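Undergrad: The following comprises the amino acid sequence and a computationally predicted model.
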Amino acid sequence: MYGTFKCEVGEAVVAMLEPIQQRYKEIRQDDYMGIGDSGILSVGQNLEETVHDMVGQLIDEDSAIVSIYYGSDSTEESAAEIAEVIQPQFPESDIDTLTTIINRYKSQDTWKEDPCISEEGFTLMQEIMKQGGELSKPVPFDKLVDSTFAEKVITK
């Protein structure tokens, strides 16, 4: 009886891990990877295709803010590439404006290299939004921010 149970559990674990193993095999060194709340959204050798696919999965009619992070080894050229890819999702902003914003965040050291947001950073962001007329009243940090997934990503 235990042998049958052990065999069935083993088969269930293998079946459960099969999609994960397949996805792992698809990811190669130097691939671009788009990650969202639900995990890996897009992987590829082409930055434009990978970012376009990821942003397409992240943005819907309810989206207000989408944050994109890239590695510290990225260049200004890659910021311009990212700006070109995301521009169709932000038709009110031109490529130069998006590139400038991305590079300004890097130069001010406000470009995050990880997806975690501190309460201090959240408060500052709300203050900027308030001054810009985009936020009428602050939202409590603990009511809106859940860093569980972000913390898992950076600890791996």
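TA: Nice, thanks for sending it over. Worth saying up front: this structure is predicted, and the values here are computed from it rather than measured.
Undergrad: Can you tell me the closest non-neighbouring residue to Gln45?
TA: Counting by CB to CB, 6 or more residues apart in numbering, Gln45 lies nearest to Asp31, which is 6.1 Å off, once chain neighbours are set aside. Using the backbone N, CA and C atoms, a C-beta is placed for each residue, glycine as well.
Undergrad: Please report how far the one you found lies from Glu18.
TA: 21 Å (CB to CB, to the nearest Å).
Undergrad: What of Asp30?
TA: Distance from Asp30 to Glu18, by CB to CB: 25 Å.
Undergrad: out of these two, which sits in the busier spot?
TA: The neighbour count for Asp30 versus Glu18, taken as other CB atoms under 10 Å, is higher for Glu18 (10 against 5).
Undergrad: immediately after the one helix or strand that one maps to, which helix or strand?
TA: Assigned by DSSP states H and E, Glu18 belongs to helix 2-26. Scanning forward in sequence from helix 2-26 by DSSP H and E, the next helix or strand is strand 32-36.
Undergrad: For that following strand, buried residues please.
TA: Neighbour counts over strand 32-36 (16 or more other CB atoms under 10 Å) mark Tyr32, Gly34, Ile35 as buried.
Undergrad: and the residue nearest to Gln45, what does it touch?
TA: For Asp31, the contacting residues are Val43, Gly44, Gln45, Thr50, by CB atoms under 8 Å, 6 or more residues apart in numbering.
Undergrad: Where do the strands of this structure begin and end?
TA: Along the chain, the segments classed as strands by DSSP state E run 32-36, 39-44.
Undergrad: Nearest to Glu151, out of the ones you listed?
TA: Nearest to Glu151 among the strands of the chain is strand 32-36 (13.0 Å), distances taken as CB to CB.
Undergrad: So what touches that closest one?
TA: Residues outside strand 32-36 that contact it (CB under 8 Å, 6+ apart): 27, 40-47, 50-51, 53-55, 57-58, 115, 153.
Undergrad: try 7 Å
TA: The contact list for strand 32-36 (CB atoms under 7 Å, 6 or more residues apart in numbering) reads 27, 40-44, 47, 50-51, 53-54, 57-58, 153.
Undergrad: In the chain, where is pLDDT below threshold?
TA: Scanning the chain for pLDDT under 70 picks out the ranges 1-3, 5-6, 20-21, 23-25, 63-76, 106-113, 156.
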